[in-house]
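Sequence first, predicted model second:
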There are 2 protein chains.
Amino acid sequence: MPARPSEDDLIARFFAPLAGPAGLGLNDDVALLTPPAGRELVLTTDALVAGVHFFADDPPEAIARKALRVNISDLAAKGAEPIGFLIDLALPGDWTAPWLEAFAAGLGEDAALYRCPLIGGDTVKTPGPLTLAITALGAVEKGRMAARSGVRPGDRLYVSGTIGDAALGLRLRLGQGPSLDEASRRHLVDRYLLPRPRLALAPAMAAYANGGMDVSDGFVGDLRKMLRVSGVAARVELARLPLSSAAAAAIAADPALFEIAATGGDDYELLAAVAPGKSAAFEAAAAAAGVAVTLVGEAFAGAGPARFIGRDGREAALPHGAFSHF
Amino acid sequence: MPARPSEDDLIARFFAPLAGPAGLGLNDDVALLTPPAGRELVLTTDALVAGVHFFADDPPEAIARKALRVNISDLAAKGAEPIGFLIDLALPGDWTAPWLEAFAAGLGEDAALYRCPLIGGDTVKTPGPLTLAITALGAVEKGRMAARSGVRPGDRLYVSGTIGDAALGLRLRLGQGPSLDEASRRHLVDRYLLPRPRLALAPAMAAYANGGMDVSDGFVGDLRKMLRVSGVAARVELARLPLSSAAAAAIAADPALFEIAATGGDDYELLAAVAPGKSAAFEAAAAAAGVAVTLVGEAFAGAGPARFIGRDGREAALPHGAFSHF
């Protein structure tokens, strides 16, 4: 059996090829970066643990891509353009070169796709499950970040894409979903496996949104969180919640799944709060970027909490306020 | 039994009080930072796993401080001044509020000590051991970072503080050391438990060092690494290796421990390569900063490897080139 490579060999073989110029070839302990002039830096970090945030037997390239994409999603929600990322990787003793090769390939593909090069990291061993943390760095025009606390009374509340696919996909993967046609099933399971961060919407977020946040812990809970931090109330129409045809089919087969869709996690869609005077421009910019956005409600002055109006026109009781990975 | 706090409650209670302005009260998913004008950013990250990088039953404040300090040490080696840090914390299910309180207290103390405020993070649960990753951000004058690849032929090679204390302390902790007086024993064990990053030396590194690196994986292995990346050879006198009186006493009791001191990990001292014309100024700046630096060798043109001359005046055979946490 060939000897296990050292940490340096492993970095040189699998990760150095992904490094951007700021990564110094991963030959140093640090990344060195000239910050973009006149812009602000946005930093975000997310940790993922096998068996908690993904399945240990998920394809390694999908694990890598999910880890990067959940961070890209945070940058997108803030209106920021990616600069680069660092990765901390705690590997169990039974890792193999083919596994790591596939992991690095997935990471490299997405680093290229989102123009977010690897600039640093650390690799350690763990007696526990595979654990990753990615810290991503982005840049936004001064004063233009869409903060979670930025929602103002009167703002229109939008959500991108479709909601609930990933949560329904997770249930299907766990064998708990309704029976669905194969294409719908595959769509939902794939949305759980691989987030689609709405980076194309970032310029519209920076230009037009007062407040922004990505939906990672469930639409209802995350929207409540954004409104609470902003100190505003809101009325949200759950009938407007954008559903994919696959999610709609699942909910038609079992109406109780609507609550899962509205409160489940892993959507990685964006919430945007946009002043009425800018909503037409925001919608036009989103359309030009090829990202669907749906008006779901309106913020108003008041202490809250947000009122969620159910599909029956009555205020919805939503016991599970937020999905939590914690 | 009281309910476990949610992730948000936990962040608000333990971590938000530590947040600097860029951390937005830890109420957002991101940190927002105006980069320091005319300076370059230095980013570094280190992951630590219970049972690998520290003992699970180490005092929680010491675990937190070690995690931050190993990153501060990287910034110091590059001549960078800390700006802030993000922490990813994967907590086993049996964490307790007193444990986390002590952890946060240790983190806060060191954040204040090194003027490196918390600006973001993520908290997740893990079925495995406690795992942490810290990503620290610093600033250095443009073009002045002491790169690992910056050593030039003719440079004088310095090391800060004393070498080997932590590696000997680890052996003592594992019950493998020689018998020592209590003060020496405590000194060595404490050096393993808690690194002393040489941040006071950072301005001298930026002003005078061509190359710099912190010693985390052993003096011999890390110096070899820096020389290899720089493409230079060197002659290093192991007789000059600065030893604490406690380490000297341990080695006097068991001379075989010298190799442990020279090659073992966790020193978190700095290596500096300084051009001869600047060495007097470097030494004066180090003295003014209150950090001992010792001349241990000289770099010269050539492919290497570095030659380490033993205390007997003959070239030393050092089978364990580098300690590895991997």
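Nice, I can see it.

distance of the closest residue to chain B within the stretch 51-200 of chain A from B:A62?
Among the residues of the stretch 51-200 of chain A, A:G128 lies closest to chain B, at 1.9 Å counting by Cβ to the nearest Cβ. For the C-beta atoms, the positions are set from N, CA and C on the backbone; glycine is no exception. Applying Cβ to Cβ, to the nearest Å, one obtains 21 Å for the distance of A:G128 from B:A62.

swap in A:P242?
Separation of A:P242 from B:A62 (Cβ to Cβ): 49 Å.

re the thing from before, so between A:G128 and B:A62, which is more surrounded?
Legend: neighbour count by other Cβ atoms under 10 Å in any protein chain shown for A:G128 and B:A62, higher for A:G128 (23 against 18).

what's the closest non-adjacent residue to that one?
Excluding its sequence neighbours, the residue lying closest to A:G128 (Cβ to Cβ, 6 or more residues apart in numbering or on different chains) is B:G128, at 1.9 Å.

thought that neighbour was touching A:K125?
No: B:G128 is beyond contact range of A:K125, at 11.7 Å (criterion: Cβ atoms under 8 Å).

hey, where'd the strands end up in chain A?
For chain A, applying DSSP state E gives strands covering A:31-33, A:39-49, A:81-92, A:118-126, A:131-141, A:156-160, A:209-215, A:233-237, A:269-274, A:293-300, A:307-309.

which strands and helices sit next to the second one?
Applying 3 or more Cβ pairs under 8 Å, 6 or more residues apart in numbering or on different chains; DSSP states H and E, one finds that strand A:39-49 contacts helix A:60-77, strand A:131-141, strand B:31-33, strand B:81-92, strand B:118-126, strand B:131-141.

Show me the strands paired with the third one, marking each as parallel or antiparallel.
Applying DSSP bridges, strand B:31-33 is found paired with strand A:39-49 (antiparallel).

Settle this for me: A:A261 is touching A:G169, isn't it.
No: counting by Cβ under 8 Å, A:A261 stays clear of A:G169, with 10.6 Å between them.

Tell me which of the strands of chain A lies nearest to A:A104.
Nearest to A:A104 among those is strand A:118-126 (9.3 Å), distances taken as Cβ to Cβ.

Distance-wise, check the closest residue to A:P242 other than its chain neighbours relative to A:A146.
Nearest residue to A:P242 in three dimensions, chain neighbours excluded: A:T294, at 4.3 Å (Cβ to Cβ, 6+ apart). The spacing between A:T294 and A:A146, counted by Cβ to Cβ, is 17 Å.

and if you look at A:G221?
Distance of A:G221 to A:A146, given as Cβ to Cβ: 19 Å.

Of the two, which one has the most company?
When A:G221 and A:A146 are compared for neighbours, A:A146 comes out ahead with 29 against 22, by other Cβ under 10 Å.

what does the model give A:I134 for pLDDT?
pLDDT for A:I134: 98.

my guess is it meets A:S73, correct?
No: taking contacts as Cβ under 8 Å, A:I134 lies outside contact range of A:S73: 11.4 Å.

ok, the two, which is more surrounded?
Shown here are A:I134 and A:S73; by other Cβ under 10 Å, A:I134 has more neighbours (31 against 26).

and the stretch 151-300 of chain A, which residues reach chain B?
A:M213, A:D214, A:K225, A:V229 (Cβ under 8 Å from any Cβ of the partner chain).

Tell me who's in contact with the last one.
Spelled out, it's A:V229. Neighbouring residues of A:V229 by Cβ atoms under 8 Å, 6 or more residues apart in numbering or on different chains: A:R148, A:S149, B:N27, B:D28.

Work out the gap between stretch A:207-225 and the centre of the chain.
Counting by Cα atoms, centre = their mean, to the nearest Å, stretch A:207-225 is centred 11 Å from the centre of its parent chain.

An error on my part: the question was meant for stretch A:24-39.
So, by Cα atoms, centre = their mean, the centroid of stretch A:24-39 is 25 Å from its chain's centroid.

ditto for stretch A:264-271
Centre-to-centre, stretch A:264-271 and its host chain are 6 Å apart (Cα atoms, centre = their mean).

Pull it out as CSV, backbone CA atoms only.
C-alpha atoms of stretch A:264-271 as CSV (Å, rounded to 0.1, in the frame of the first residue of the first chain):
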residue,chain,number,x,y,z
GLY,A,264,-38.0,23.7,5.9
GLY,A,265,-34.4,24.6,5.3
ASP,A,266,-31.8,24.6,2.5
ASP,A,267,-33.6,26.7,0.0
TYR,A,268,-30.7,29.1,-0.6
GLU,A,269,-33.0,31.5,-2.3
LEU,A,270,-32.9,35.3,-1.5
LEU,A,271,-35.2,37.5,0.5
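
Average pLDDT for that stretch, rounded please.
The pLDDT scores in stretch A:264-271 average 96.

And for stretch A:284-296?
98.

Please spell out which residues along it are buried.
If you call a residue buried by 16 or more other Cβ atoms under 10 Å in any protein chain shown, then stretch A:284-296 has these buried ones: A:A285, A:A286, A:A289, A:V291, A:V293, A:T294, A:L295, A:V296.

Look at the residue nearest to the last one when sequence neighbours are not counted and say how many residues are nearby.
With sequence-adjacent residues excluded and distances taken as Cβ to Cβ, 6+ apart, A:V296 is closest to A:R240, at 4.7 Å. By other Cβ under 10 Å, the residues close to A:R240 number 14.
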